[in-house]
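> here's my sequence, what's the structure:
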Amino acid sequence: MQKNLISAVLTADERGKVMDALAAITAILQPKLLGLTLEERASISKMNDKTLPFGLKVSSYCVSNPEFAPLYMDKVEFERDLALYQELKPIADIVSQLNSDLDDTMMLSGSEAYEASRYYYNGVKYAAKNGNAKAKPIYADLAKRFPGPKGRGNNEGTQPE
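As a prediction, the model looks like this:
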């Protein structure tokens, strides 16, 4: 029996609105965003929920006790970087959750569609094996997806997974 854990439709209008909204978001954020190589990502210090309080405390001390900031420390740029991190964090959290939900929904809908495809394939395969002339070309076309074990010379297709 086919599971049906998801049953939703994204209309063309909804898809268009989402794409327009994403384009607007990208236009706003892209000039402020940078890409890093894998090596750069691995080599830099990371700000996160655990280290943010430390950065905020340092920011406070830079104001109350600026004499301890080394001359090579650009305090204005430090404050700008800290503020940008704080401004982007809630956006990144929302986008991360949305991306996770999109991935899960695509995985589930794709799984259900593939499962239904295999059910149909098995029906066509059964009909073709039992002499249904109309099913034979459909089966031959779909069987290309399941060529069978290598070395057996089986071009008729196998039972899908």
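> for stretch 12-24, buried residues please.
For stretch 12-24, a neighbour-count test (16 or more other CB atoms under 10 Å) marks nothing as buried. The way it works is simple: take the backbone N, C-alpha and C, and place the C-beta from them, glycine included.
> how about residues contacting it?
With contact meaning CB atoms under 8 Å, 6 or more residues apart in numbering, stretch 12-24 is reached by residue 10.
> same question for it, mean pLDDT?
Stretch 12-24 shows a mean pLDDT of 98 in the predicted model.
> now do stretch 51-62
If you average the pLDDT over stretch 51-62, you get 98.
> what comes up buried for that stretch?
In stretch 51-62, counting by 16+ other CB under 10 Å, buried: residue 62.
> so where is this protein shaky, pLDDT-wise?
The chain contains residues with pLDDT under 70 at 150-161.
> and residue 148, which of the three is it?
Following DSSP: H, G, I helix; E, B strand; the rest coil, the label given to residue 148 is coil.
> burial count for it?
Using other CB atoms under 10 Å, residue 148 has 14 neighbouring residues.
> so how far is residue 115 from it?
Here residue 148 is placed at a distance of 21 Å from residue 115 (CB to CB, to the nearest Å).
> swap in residue 66?
When distance is defined by CB to CB, residue 66 is 64 Å away from residue 115.
> next: residue 10.
To residue 115, residue 10 is 20 Å away according to CB to CB.
> looking at these two, which is more packed in?
More crowded of residue 10 and residue 115, by other CB under 10 Å: residue 115, with 12 against 9.
> chain neighbours aside, what residue packs nearest to that one?
Nearest residue to residue 115 in three dimensions, chain neighbours excluded: residue 2, at 6.2 Å (CB to CB, 6 or more residues apart in numbering).
> could you check how far that neighbour is from residue 114?
The gap separating residue 2 from residue 114 is 11 Å, by CB to CB.
> next one: residue 49
Taking CB to CB, one finds residue 49 at 38 Å from residue 114.
> quick one, which of those two is more surrounded?
Shown here are residue 49 and residue 114; by other CB under 10 Å, residue 114 has more neighbours (12 against 7).
> which SSE is that one in?
Using DSSP states H and E, residue 114 sits in helix 75-129.
> after that helix, next one along is what?
Reading on from helix 75-129 to the C-terminus, the next helix or strand found by DSSP H and E is helix 135-142.
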